[in-house]
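J.: Below are the sequence and a predicted model; questions follow.
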Amino acid sequence: MRQNISGSSPFEPVIGFSRAVRVGNAVHISGTAPVGADDADATTQTRHVLTLIQSALEKAGAKLEDIVRTRMYLTHADDWEQVGRAHGEFFGSIRPASTMVVVAALLNPSWRVEIEADAVISNTESK
């Protein structure tokens, strides 16, 4: 059974996507940008993004510990350490497989980071 989870992005209805989609015990979280923290530094933007991801997970019946993979897209290579440390605040003991990529731009020029994630819920009875 498929469950679409909406978030707070104004782009969801325009682009036609869900913040997250749960199918069975898998949760796929769309690229999540720092909407609402647009002008913050890279650390604050990353924390904001990961809080949005955590909220989507909870709506899907999952938690941060269920995340098995993250992908971080940075617009400034020099931000790698700030983004990495903020990511570590959330995932230091979970340690999902992760990728960090530098991209030319994101939808909003002030965004410094966008993150997507995949989770596998270990207890398929929870929802």
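T.: Looks like it arrived, so ask away.
J.: longest helix in this protein, by residue count?
T.: Counting by DSSP state H, the longest helix found in the chain is helix 42-59.
J.: for the record, mean pLDDT for it?
T.: For helix 42-59, the mean per-residue pLDDT is 97.
J.: Alpha carbons of it, in CSV - could you do that?
T.: Extracted C-alpha coordinates of helix 42-59, given in CSV (Å, rounded to 0.1, in the frame of the first residue of the first chain):
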residue,chain,number,x,y,z
ALA,A,42,24.8,26.3,6.0
THR,A,43,24.7,24.8,9.4
THR,A,44,21.3,26.3,10.3
GLN,A,45,19.9,25.3,6.9
THR,A,46,21.1,21.7,7.3
ARG,A,47,19.6,21.5,10.8
HIS,A,48,16.3,22.9,9.4
VAL,A,49,16.3,20.5,6.5
LEU,A,50,16.9,17.5,8.8
THR,A,51,14.1,18.6,11.1
LEU,A,52,11.7,18.7,8.1
ILE,A,53,12.9,15.2,7.2
GLN,A,54,12.3,14.0,10.7
SER,A,55,8.8,15.4,10.7
ALA,A,56,8.0,13.6,7.4
LEU,A,57,9.4,10.4,8.8
GLU,A,58,7.2,10.7,11.9
LYS,A,59,4.1,11.2,9.6
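J.: Can you list the buried residues in it?
T.: In terms of neighbour count (16 or more other CB atoms under 10 Å), helix 42-59 has its buried residues at 42-43, 45-50, 52-57, 59. From N, CA and C alone the C-beta is placed, and that goes for glycine too.
J.: Show the contacting residues for the closest residue to V35 other than its chain neighbours.
T.: Once flanking residues are discounted, V35 sits nearest to S9: 5.4 Å by CB to CB, 6 or more residues apart in numbering. Applying CB atoms under 8 Å, 6 or more residues apart in numbering to S9 gives the contacts 19, 32-33, 35.
J.: S9 sits in which helix or strand?
T.: Here S9 sits in a region with no helix or strand, counting by DSSP states H and E.
J.: still on that earlier bit, and the longest helix of the chain, what does it pack onto?
T.: strand 20-23, strand 26-32, strand 67-74, helix 80-91, strand 113-120 (3 or more CB pairs under 8 Å, 6 or more residues apart in numbering; DSSP states H and E).
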